[in-house]
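Q: Below are the sequence and a predicted model; questions follow.
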Amino acid sequence: MSILEQAQKPVDRPTVCTILGDAGLGKTSLAATFPKPVVIRAEDGVQGVPKEYRPDALPPLNKVEDLWEQLNALCKEKHNYKTVVIDSITQLEQIFVQHVLDTDPKNPRSINQANGGYGAGFQAVSALHQRVRKAAGVLVNKGIHVVFIAHADTITIEPPDQDQYTRYDLRLHKRSVAPYTDNVDLIGYLSLQTFTTGDGERKKAVSDGSRLLVAYATPSNVSKNRYGITEDIPVPMGKNPLAQYIPSLKTEK
């Protein structure tokens, strides 16, 4: 039998998303609107979700071993959860850094000195993030959506062919970013819908509290999608605004 005879149209699978934004904008609340979610807590953002929408959550992580135990259970044991939310990969990085420092017999003072220095400490942290992304692949194969939550920070981009500019990106070391941006289905930047009032230099930013999700490529923030989304998406409380775009969410209840 020729390998070419096995070619077929891929079927819709669960989505892997990264949601980033400033603190307090409702990233965890948005993740809670995915089907039957459970939250892995590197921080306790679940407390900010209104009780009527609050999802189940596993015990807070105190060390790296807690994370592997929870991921292993979700990957291998039978359960009814349809979405795993990791809140947040930004705080997860701090746990990883501490783990690398604690396991280095030379007791380095900082991650810059860990594992002999020269970037080896950051590389060890990156490898732990890659392990998380690998676990996400196992969950997807099990029929489970995965949502990574990240805090946003501004970085300076210096293209070789144009002027430098700033954009919102994941608040992670540059070596840790790839697992949550390169091979994911959607990166969404959550922000307040903001307007400016006033004239000249005395302009003031105001908002009515409405939230928007940007999930298409734009210079102002890291974002993308594989679902043909080309416009800002309003984010109402308690409803998943991505269900109309992501095929694997349309059939979920």
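A: It's in. Residues are numbered from 1 along each chain as shown.

Q: Pass me the low-pLDDT residue ranges in the chain, would you?
A: For the chain, residues meeting the criterion pLDDT under 70 lie at 194-209, 251-253.

Q: And the helices in it?
A: Ranges of helices in the chain, per DSSP state H, are 27-31, 64-76, 89-102, 120-141, 247-250.

Q: Quick one: neighbours of residue 6, just the number.
A: 7 (other C-beta atoms under 10 Å). All C-beta spots, glycine's among them, are computed from the backbone N, C-alpha and C.

Q: burial of the closest residue to residue 247 other than its chain neighbours, as a residue count?
A: Residue nearest to residue 247 in three dimensions, not counting chain neighbours: residue 12, with 4.2 Å by C-beta to C-beta, 6 or more residues apart in numbering. Number of residues near residue 12 (other C-beta under 10 Å) recorded here: 11.

Q: ok so, going back, okay, the helices of the chain, which one's buried deepest?
A: helix 27-31 (a mean of 26; mean count of other C-beta atoms under 10 Å).

Q: how far out from the middle of the chain is that one?
A: 10 Å (C-alpha atoms, centre = their mean, to the nearest Å).

Q: other SSEs contacting it?
A: Helix 27-31 sits against strand 16-21, strand 37-41, strand 83-87, strand 145-157, with contacts defined as 3 or more C-beta pairs under 8 Å, 6 or more residues apart in numbering; DSSP states H and E.

Q: Any idea which of the ones you listed gets closest to residue 170?
A: In terms of C-beta to C-beta, the element of these nearest to residue 170 is strand 145-157, at 4.5 Å.

Q: Can I get the closest one as PDB, trimmed to CA atoms?
A: This file holds the C-alpha atoms of strand 145-157, laid out as PDB (Å, rounded to 0.1, in the frame of the first residue of the first chain):
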ATOM      1  CA  HIS A 145      -8.900  22.200  24.300                       C
ATOM      2  CA  VAL A 146      -5.900  24.000  25.800                       C
ATOM      3  CA  VAL A 147      -5.800  27.700  26.800                       C
ATOM      4  CA  PHE A 148      -2.600  29.400  27.900                       C
ATOM      5  CA  ILE A 149      -3.000  32.700  29.800                       C
ATOM      6  CA  ALA A 150      -0.100  35.200  29.700                       C
ATOM      7  CA  HIS A 151       0.500  38.700  31.000                       C
ATOM      8  CA  ALA A 152       1.400  41.300  28.400                       C
ATOM      9  CA  ASP A 153       4.500  43.500  28.300                       C
ATOM     10  CA  THR A 154       5.800  46.000  25.800                       C
ATOM     11  CA  ILE A 155       8.900  45.200  23.800                       C
ATOM     12  CA  THR A 156      10.900  47.000  21.200                       C
ATOM     13  CA  ILE A 157      11.000  45.600  17.700                       C
END
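
Q: With that, I have no additional questions.
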